[in-house]
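Visitor: structure of the sequence below:
(2 chains)
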There are 2 protein chains.
Amino acid sequence: MQRYFVNKEAVSDGVVTITGEDVKHISKVMRMEPGDQIICNDNDGFSARCELDELSKEKVTAKVLEQLNENHELPVNVHIAYGLSKGDKVEAVVQKGTELGASCFYPFAAQRSVVKWDDKKEPKKLERLEKIAKEAAEQSHRDYMPVVKGHHTFKEIIETGKQFAHKLLVYEETAKEGKHPVLFRALQEVKPGEALFVIIGPEGGISPREAEEAEKNGFLSVSLGPRIVRSETAPLYILSAISYHFEISR
Amino acid sequence: MQRYFVNKEAVSDGVVTITGEDVKHISKVMRMEPGDQIICNDNDGFSARCELDELSKEKVTAKVLEQLNENHELPVNVHIAYGLSKGDKVEAVVQKGTELGASCFYPFAAQRSVVKWDDKKEPKKLERLEKIAKEAAEQSHRDYMPVVKGHHTFKEIIETGKQFAHKLLVYEETAKEGKHPVLFRALQEVKPGEALFVIIGPEGGISPREAEEAEKNGFLSVSLGPRIVRSETAPLYILSAISYHFEISR
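Guide: Residues are numbered from 1 along each chain as shown, chains lettered A, B, ... in the order given. Purely as a prediction, here's the structure:
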């Protein structure tokens, strides 16, 4: 069943009022009609199966049929700091990272980032990434939409990391040294409900200076196995591994 | 160090002769010169650090300096049958699936595949996918290039599966039933050196009829956790999970 995230204020007295771009999605893309059912989610724990009532150009109203008690979230909150890379890589990371359960994304300007976001570009970039995250969260049946933060410097990423008890740095050099089981041992330390902050470098990787800085600030360098994956593949690997560790291999 | 797969015949008497598109890559893209080093790999277990000797428009010769004894391969051979989907999804699956260690790809026409490959299109499609696999294998330091098979029907996929002792079907309905640990139990049955055949449906998923047919033929339905990932994300999840299981969580 198609899912839509709505504002908290959109739900009142058993009726959900949908406005904005979802109106077009419901009537034009999905071609739904009164009587059809959708799932509405307020991004704050409320989730319900609803029946479409009235559809107009400006809004859609739907009756709440049944509140749902679902849990599609990773047991661990994973925060991904991703070094800005060329092309639409950050978009792919947000889209697929959302499907794979990430809680928060922090695009950052790494030493080897070729792309930079300036203050003028940032609002548009962020708006687009938030839209991608919303759609991916709806499609993958997430209970919460991940948060996409405005871009950070590496220094700010290290600063943000201070709020986290568990923090990892994906570092190619660790792979070369063959220290693959470090990630497993690190995940064994994380308990359900806790948060994990992961830095993943841009195309070209994290620089030795950045790695040193991260390690000095309590980040544990981990390898993703003996192959060298592209920067945009690394977040997908680590999120899949975390899902496998906490949701599958029990 | 940049890597190149070469034909077996290209290696003779301590000299590697590189022809074809890699010549341009070495001289124009990488702007390398005599004396620069590369790693050459014959896709049959030979891997060596080499020094560039002569560069011309037609060929590059390189002296073997040192044979390498590397292993970047997944301990388990993973064969991915992927239902043809719209856009360049099969290309993304081959590229990222190669980075993540897949041995073989079988694009197939599923019941819900919107895209079809006709006999006329197939050679071009295949050539492109093979090029993507070669480049991804070089970039990710694979010791072997994965094989990309010409497209199959679903019936042929089931037939191919008969050669495999371990075979899985990624099926959304299994996720809805909450049977997540099945994948872990299945991987525990697979020993290093063995092969695993995995069917992943196209956009829209595997049909109930196909699922029934696969299960009747010894495929085990597995879930990739409680979220619904896109068709092109599923191969990346399962390859990451297999890497985590066999290479990391030891």
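
Visitor: which residues of chain A lie near chain B?
Guide: A:71-73, A:96, A:99-101, A:139-142, A:180-181, A:183-184, A:223-230, A:233, A:236-237, A:240-241, A:243-245, A:247-250 (CB under 8 Å from any CB of the partner chain). For every residue, glycine as well, the C-beta is placed using N, CA and C.

Visitor: which of the residues in the worst-scoring helix or strand of chain A on mean pLDDT are buried?
Guide: In chain A, the helix or strand scored least confidently by mean pLDDT, DSSP states H and E is helix A:172-176, which has a mean of 81. Residues A:172, A:174-175 are the ones in helix A:172-176 that count as buried (16 or more other CB atoms under 10 Å in any protein chain shown).

Visitor: follow-up on the earlier one: PyMOL command for the buried members of the residues of chain A next to chain B?
Guide: A single PyMOL command selects the buried members of these (16+ other CB under 10 Å):
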select buried, chain A and resi 72+96+99+100+101+139+140+141+142+180+183+184+223+224+225+226+227+228+229+230+233+236+237+240+241+243+244+245+247+248+249
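
Visitor: okay, and which of the residues of chain A next to chain B map to helices?
Guide: Among those, the members found in helices (DSSP state H) are A:96, A:99, A:139, A:183-184, A:236-237, A:240-241, A:243.

Visitor: among these, which two are most distant?
Guide: Pairwise distances across these (CB to CB) peak at 30.2 Å, for the pair A:Q139 and A:F184.

Visitor: give the contact list for whatever residue of chain A ends up closest to chain B.
Guide: Distance from chain B to each residue of chain A (CB to the nearest CB) is smallest for A:S240, at 3.5 Å. Applying CB atoms under 8 Å, 6 or more residues apart in numbering or on different chains, one finds that A:S240 lies in contact with A:100, B:236-237, B:240-241, B:244.

Visitor: export those to a markdown table and append columns for pLDDT and distance to B:H25.
Guide: Shown next, in a markdown table, are the contacts of A:S240 (pLDDT from 0 to 100; distance: CB to CB, whole Å):
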| residue | pLDDT | distance to B:H25 |
| --- | --- | --- |
| A:L100 | 98 | 33 |
| B:L236 | 98 | 26 |
| B:Y237 | 98 | 31 |
| B:S240 | 98 | 28 |
| B:A241 | 98 | 33 |
| B:Y244 | 98 | 32 |
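
Visitor: burial count for A:F108?
Guide: 25 (other CB atoms under 10 Å in any protein chain shown).

Visitor: helix, strand or coil for it?
Guide: strand (DSSP: H, G, I helix; E, B strand; the rest coil).

Visitor: tell me the domain ranges of chain A?
Guide: Split into domains by automatic domain parsing, chain A comes to A:3-67, A:77-248.

Visitor: what is the end-to-end distance of the shortest one?
Guide: Right, domain A:3-67. 14 Å (CA to CA, to the nearest Å).

Visitor: if we can go back for a sec, distance of the residue of chain A closest to chain B relative to B:C104?
Guide: 20 Å (CB to CB, to the nearest Å).

Visitor: what do you get for A:E232?
Guide: From A:E232 over to B:C104 the distance is 23 Å, taken as CB to CB.

Visitor: those two: which is more packed in?
Guide: More neighbours surround A:E232 than the other of A:E232 and B:C104, with 22 against 18 (other CB under 10 Å).

Visitor: quick check: closest non-adjacent residue to that one.
Guide: A:K89 (4.3 Å; CB to CB, 6 or more residues apart in numbering or on different chains).

Visitor: so who does the one you found touch?
Guide: A:203, A:231-232.

Visitor: A:L236 versus that one, what's the distance?
Guide: Noted for A:K89: a distance of 11 Å to A:L236, by CB to CB.

Visitor: now A:V78
Guide: The gap separating A:V78 from A:L236 is 12 Å, by CB to CB.

Visitor: what segments of chain A are helices?
Guide: A:21-24, A:89-99, A:122-139, A:154-161, A:172-176, A:182-189, A:208-216, A:234-243.

Visitor: quick one: which of the ones in helices among the residues of chain A next to chain B is nearest A:S56?
Guide: Set against A:S56, the nearest of these by CB to CB is A:Q139 (25.2 Å).

Visitor: I'd guessed the closest one sits against B:T233; true?
Guide: No - with contact defined as CB atoms under 8 Å, A:Q139 does not count as touching B:T233 (10.5 Å).

Visitor: what is in contact with those two at once?
Guide: A:E99.

Visitor: list the contacts of stretch A:243-250.
Guide: Stretch A:243-250 is contacted by residues A:74-76, A:100-101, A:184, A:187, A:192, B:180-181, B:183-184, B:223-227, B:237, B:240-241, B:244-245, B:249 when judged by CB under 8 Å, 6+ apart.
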